[in-house]
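Novice: Below is the structure, and that's it, no one-letter string:
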């Protein structure tokens, strides 16, 4: 899993990582920054907290904007595997 900070100019990586962990995010997630907004453009992200699940074929199989409940996330990831 990769979590992408799309606003690195507002939250440096250290601050964002601390916030991620404080909010219950796992330390088994790769944290990245979208400095040039390439992920934002490629996936048409319009809201903070957007969740996108991509299957092994590179197809978007799940998408939402906002907080995704853990059970929903787990079920959708399992479907994508």
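Specialist: Yep, that arrived. Since the structure is predicted, the reported quantities are computational estimates derived from the model, not experimental observations.
Novice: The closest residue to residue 67 other than its chain neighbours and residue 6, how far apart?
Specialist: Distance criterion CB to CB, 6 or more residues apart in numbering; nearest residue to residue 67, sequence neighbours excluded, is residue 49 at 5.8 Å. Quick note: C-beta positions are derived from backbone N, CA and C, even for glycine. The gap separating residue 49 from residue 6 is 10 Å, by CB to CB, to the nearest Å.
Novice: which of the two has more neighbours?
Specialist: Comparing residue 49 with residue 6 by neighbour count (other CB atoms under 10 Å), the higher total belongs to residue 6, at 16 against 10.
Novice: Phi, psi for residue 11 please.
Specialist: phi -140, psi 110 (degrees, to the nearest 10).
Novice: Run through the residues that contact the residue lying closest to it once chain neighbours are set aside.
Specialist: Nearest residue to residue 11, sequence neighbours excluded (CB to CB, 6+ apart): residue 5, at 6.3 Å. Neighbouring residues of residue 5 by CB atoms under 8 Å, 6 or more residues apart in numbering: 11, 13, 16, 31-34.
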